[in-house]
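# quick one, what's the 3D model for this:
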Amino acid sequence: MYPCIYPQPVNLTGQRLFQLDSLSHLLEVENRIRDGAENLLHILERDAPEGKDELRERVESELEAAKLKITNITRKREELRDTLPG
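Numbering: from 1, shown residues only. I've put the predicted structure just below:
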């Protein structure tokens with residue numbers, strides 16, 4: 001989670017909205033990481049077909065981690081939305 005500069009709301013709906021906002025922020029970050037890893041993999045495939053295996057493996061690992069986090073965050077957001085009134 002990113003640090004909060006605002007006090008957290010007191011009521012339950014406010015807390016859920018705050019959590020939803022926090023998850024949305026985390027989702028944006030993970031989407032950027034995923035996009036960056038995908039772009040770097042394309043560059044490595046195009047410009048460095050050999051000799052960059054270790055870097056390619058690290059980028060692929062980060063890409064898979066980001067995809068997993070995106071899936072988990074999206075699931076948490078959906079569960080949280082289901083608990084909101086209206």
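
# what residue ranges in this structure score low on pLDDT?
For the chain, applying pLDDT under 70 flags the ranges 1-10, 49.

# for it, longest helix please?
Scanning the chain for the helix with the most residues, using DSSP state H, yields helix 12-47.

# please compute how far the helix or strand just after it lies from its chain's middle.
Once helix 12-47 ends, the next helix or strand along the chain (criterion: DSSP states H and E) is helix 53-82. Mean-position distance between helix 53-82 and its chain equals 6 Å (CA atoms, centre = their mean, to the nearest Å).

# so which residue is dead centre in the protein?
Closest to where the C-alpha atoms of the chain average out (CA atoms, centre = their mean) is Glu30, at 2.4 Å.

# that one touches Ile73, doesn't it?
Yes - contact criterion CB atoms under 8 Å: Glu30 and Ile73 qualify, at 6.5 Å. For the C-beta atoms, the positions are set from N, CA and C on the backbone; glycine is no exception.
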